[in-house]
Structure formats: structure tokens, C-alpha cells
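Colleague: based on what follows, work out the 3D shape:
(one chain, ligands or ions: 1)
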Amino acid sequence: MHPDSLPPAGGAFPSPLPAALPRIALLGTGGTIAASARDAVQLHDYRVTEGVDAILAAVPQVRELAEVHCEQLMNVESHEIDDAGLLAIARRVQALLDDDGIDGVVLTHGTDTLEETAYFLNLVLDSAKPVVIVGAMRPASALSADGPLNLLNAFRLATCAEAAGKGVLVMLNDRIGAARHVTKMHTTATDAFFSVEQGSLGEIAGGVVHFFNAPTRRHTVHSEFSLADIGELPQVDIIFDHLGAGTHLYRAAIAAGARGIVLAATGNGSLSPSARQGAEEAKRHGVAFVRASRVGQGVVTDSADDAVLGTIAANSLNPQKARLLLMLALCVTRDTDAIRECFRRY
Ligand SMILES: NC(=O)C[C@H](N)C(=O)O
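Modeller: Presented below is the predicted three-dimensional model:
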């Protein structure tokens, strides 16, 4: 042995410091990933019972990937989250991202409204650090529960350098979804989330993150929306158009103080006679009116009638995401053309 490589008298060389693990905040909000049922074959009748610390404890492999800061913000099914709850989630995630000691955030969330929270965060968070939202379709108590692997994959994603700057990401069933595109399309299956036309951003296979696409619409650091500008979110209601629809829901929404209405319209954002009357009524009251589609795929194209009725095409946003964008747009402008521009940009 070369004398230089001998340990100093009286001791061994100090062992090299292990490479520091990324510091990831795990924020729990509830959902099926945190639920349990009466037995392992009951997949649908369950209650939220598990804290986020218990969900984490069930996947010890996460500790090999990250130093985890674990926090419970709420513990509810996601269809119980209201606009104030959505804002509370956004403000807490932003505070974590602002912390120099945190490299990224994993948020556990019920799947029913996961796409809404994901898209809202995508529009308001001001950070390029990875933010991954994860849920499950089967409760933690189920045979073949999907939550544990989804959680591990969420950490694989949140600790992957390539995930930074891609906006808010959704991780379920091995697929990486972009918040802007992904939507829940099945009531119970583990492959419930799809980005039909845009495709997923990538997948996790062999324990490795593979990105194939990047989101093109503005998000996070390139978004003009900021939590600092929002006191509370304006009321925006969604009305579903259908054969034989009446006009009473438009009048009710306006009377209840709606600042905006999103129509889940038929086809390419067509207006039934009652929806047209609803749009006219909205215009008279200065209420913004967005035409989204109930179809589930495709762009709602601009129409010559938009200029007459003051309506706004939702582009490819589904009604529930169009509602969120309209709420944010209304926080900064009441100008119809400016709101139209938001729907082209985000
Ligand atoms: N799979 C789920 O998470 C559904 C549940 N009802 C929720 O959204 O909280």
C-alpha cells in the first residue's frame, strides 16, 4: 500500500459523505389513496382513514429516493374540496416551493377532482421545481391497491431533474400526465386518466422516468396569474346543455351572483335555444360566458356568434378546467377579448 493511502495514525479515513438526497415535501389531502374499506375485496365503498404519514410508511422505498418532509393539509375525498380549500392547497404548495430547503412537492389527492387542482396549480404556482400530484383508484386496504406504486412513482418523478419546468405533473398508472391535458375518464379502473389527443408526457418503466413530450401551453413561471392577486375566487358556475334544456339555470346562476358561466355545450360548443338566451341574459348582466364542450375531446372553435353574444370559446379545455381558467382570468380582467386571449394561451 502506498504510504499516502494509509489511514492517519489512530483512525480510519473519514467515510465519504453520502450524496445528499433531494428534499421532497409530501403534502396529504386525502382521497382513495388514503382510504380503507371493510375488507380487501371491497374496492368502491370506503372511507378516508389514513394519514399521509401512514401512506408513506407503507412504501419504505421512498426513503431511498428522497428526504421526505411529510405534512397533512386536509384529509377528505376530493369532491369535498371547495374553492377555499383549493386556494389553501395552492398557497401551501407555493410556500413549500418558496422554501430553499425543499426541492419539490408531491401532493396526494383524490382522483375525482385531481385534474382541477392540478390545472389550477399549473396556472398559479410560481416555481420551476417539480410538483407531482398522485392519487389512486383503489383504497389502501384493497387487494392490488394501486396507491403504493403510484406514490413511489410520484417520488421517482419528483426527484428526476427532467421533471423540473414542465408544470404540474399527474402520476397514476405509470403514466406522466400534464395538468393542462389529463382528465379522469373512467369511474373505477386503475387506468382512469387519459390525455386523449395530446398524449401523456411520458411513463415510468423499469423504475426509470421516460419523458417523450413537454407541455406547450403557458404554466407556472410563465403564467401571468399569481396567488398574490387573489383574495377569494369569483363565482363561476357550470351549466350542462342538453336536449330539452330550460333557461332557469342561467337566471338562477346570475341571480346567485355568478361572475361567469361555463356552458358544457353540445358538440363544438353549439348553443341550444335556451343556452343562447342564457348567453344573452349573461351579456346583459356583464357575466362572462364560456362555451366548452360536453363531448370530451377536441377544440371548441371560435364562432361568428361570439362577437354578437360576447361568448368565449374554451379551446380544448373541458368545462371543469375552463371554469378554473375563467375564475383566474376574472381576478385580473373583465374584458372579453382579454379573457378570450387567456383561453388561447393557457
Ligand atoms: N379514486 C378517488 O380518489 C376517488 C375519491 N372519491 C376522491 O376523489 O377522493
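Colleague: pretty sure residue 225 is in a strand, no?
Modeller: No: looking at residue 225 with DSSP: H, G, I helix; E, B strand; the rest coil, it is coil, so not inside a strand.
Colleague: residues near it, how many?
Modeller: Here the number of neighbours of residue 225 (other Cβ atoms under 10 Å) works out to 24. Any C-beta I mention is one placed from the backbone N, CA and C, and that applies to glycine too.
Colleague: over to residue 273?
Modeller: There are 9 residues near residue 273, going by other Cβ under 10 Å.
Colleague: likewise for residue 208?
Modeller: 9.
Colleague: just use 5 as the starting number from now, easier for me
Modeller: Right, with 5 as the first residue, what we last looked at is residue 212.
Colleague: separation between it and the ligand?
Modeller: Distance from residue 212 to the ligand, counting by Cβ to the nearest ligand atom, to the nearest Å: 26 Å.
Colleague: over to residue 129?
Modeller: As for residue 129, its distance to the ligand is 21 Å (criterion: Cβ to the nearest ligand atom).
Colleague: doesn't residue 94 make contact with that residue?
Modeller: Yes: contact criterion Cβ atoms under 8 Å: residue 129 and residue 94 qualify, at 7.0 Å.
Colleague: between these two, point out the one with more neighbours.
Modeller: Counted by other Cβ under 10 Å, residue 129 and residue 94 do not tie: residue 129 has more neighbours, with 25 against 18.
Colleague: ok, that one - contacts?
Modeller: Counting by Cβ atoms under 8 Å, 6 or more residues apart in numbering, residue 129 touches 94, 97-98, 101, 135, 172, 224.
Colleague: and the residue nearest the centre of the chain, which of the three is it?
Modeller: By Cα atoms, centre = their mean, the chain has its centre lying nearest to residue 122, at 1.1 Å. Under three-state DSSP, residue 122 falls in the helix class.
Colleague: could you flag which of the contacts of residue 129 are buried?
Modeller: Buried members of the contacts of residue 129, scored by 16 or more other Cβ atoms under 10 Å, are 94, 97-98, 101, 135, 172, 224.
Colleague: residue of the stretch 5-154 of the chain nearest the ligand, please.
Modeller: Nearest residue of the stretch 5-154 of the chain to the ligand (Cβ to the nearest ligand atom) works out as residue 114 at 2.0 Å.
Colleague: residues touching stretch 92-105, excluding its own?
Modeller: Contacts for stretch 92-105 (Cβ under 8 Å, 6+ apart): 27, 29, 31, 33, 73, 75, 77-78, 85, 106, 109, 111, 121, 124-125, 128-131, 133, 135, 231.
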